[in-house]
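Colleague: What shape does this take:
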Amino acid sequence: MLGEYLPVLLFLIVSTGIGIALLIAGRLLGPQRPGADKLAPYECGFEAFEDARMRFDVRYYLIAILFIVFDLEIAFVFPWAVVFRSLGVFGLVEMGTFLGLLVLGFAYVWKKGALQWE
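Modeller: Here you go, the predicted model:
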C-alpha cells in the first residue's frame, strides 16, 4: 500500500529541491545592492512612523477587508454551481438570498463612500 504513495513522495522531493535550488541561484546570481531605501521599514502602504498614537488612514484596510469578503463570496458560489442541478429551486432561492445580501452590503458600502480613494 505504501508503494502507491511513492509518486507523491517523489513529487514532493523534486519540488522541494527545485524550490531550494531556485532560492540559492537567486541569492548567488542576483544583484546585491542594498541601499537606504531598500533597507528602510515599509508597512501597509505608508511610511513607518515613530509615534504609535499617530492618526492614519484606515481606507487601505477597509478596501482589503472588502476584497476578502467578495473573494470569499466566490469561494461559496463555485461549489454551489457544481451541485446546482441536485439542489433544485431551494438551492437557487438560497443562493439568490446570499447574493442579494452581498449586493445590499456592496450598495451600502458604495453609498457611504468607502470605495472612494482620494
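
Colleague: Any idea which helix or strand in this protein has the lowest mean pLDDT?
Modeller: Of all the helices and strands that make up the chain, strand 46-47 has the lowest average by mean pLDDT, DSSP states H and E, namely a mean of 62.

Colleague: now the strands for the chain?
Modeller: When assigned using DSSP state E, the strands of the chain occupy the ranges 42-43, 46-47.

Colleague: What average pLDDT does the first one get?
Modeller: In this model, strand 42-43 has an average pLDDT of 64.

Colleague: E73 contacts L102, doesn't it?
Modeller: Yes - applying Cβ atoms under 8 Å as the test, E73 and L102 come out as touching, 5.6 Å apart. From N, CA and C alone the C-beta is placed, and that goes for glycine too.

Colleague: What is the burial count for L62?
Modeller: The local packing count at L62 equals 14, with neighbours defined by other Cβ atoms under 10 Å.

Colleague: which residues does the residue nearest to it when sequence neighbours are not counted contact?
Modeller: For L62, ignoring the flanking residues on the chain, the nearest one in space by Cβ to Cβ, 6 or more residues apart in numbering is A114 at 5.4 Å. Each residue near A114 by Cβ atoms under 8 Å, 6 or more residues apart in numbering is listed here: 59, 62-63, 66.

Colleague: ok, of those residues, which one's closest to P7?
Modeller: For P7, the closest of those turns out to be L66, at 41.7 Å, with distances computed as Cβ to Cβ.

Colleague: Now do the contacts for that closest one.
Modeller: 109, 114-115.

Colleague: just for this structure, where's the confidence low?
Modeller: Scanning the chain for pLDDT under 70 picks out the ranges 41-57, 118.

Colleague: quick one: buried residues of the longest helix along it?
Modeller: Scanning the chain for the longest helix, with DSSP state H as the assignment, gives helix 84-112. Residues of helix 84-112 classed as buried: 95, 102, 106, 109 (neighbour count, 16 or more other Cβ atoms under 10 Å).

Colleague: Which strands or helices does that helix pack on?
Modeller: helix 59-82 (3 or more Cβ pairs under 8 Å, 6 or more residues apart in numbering; DSSP states H and E).
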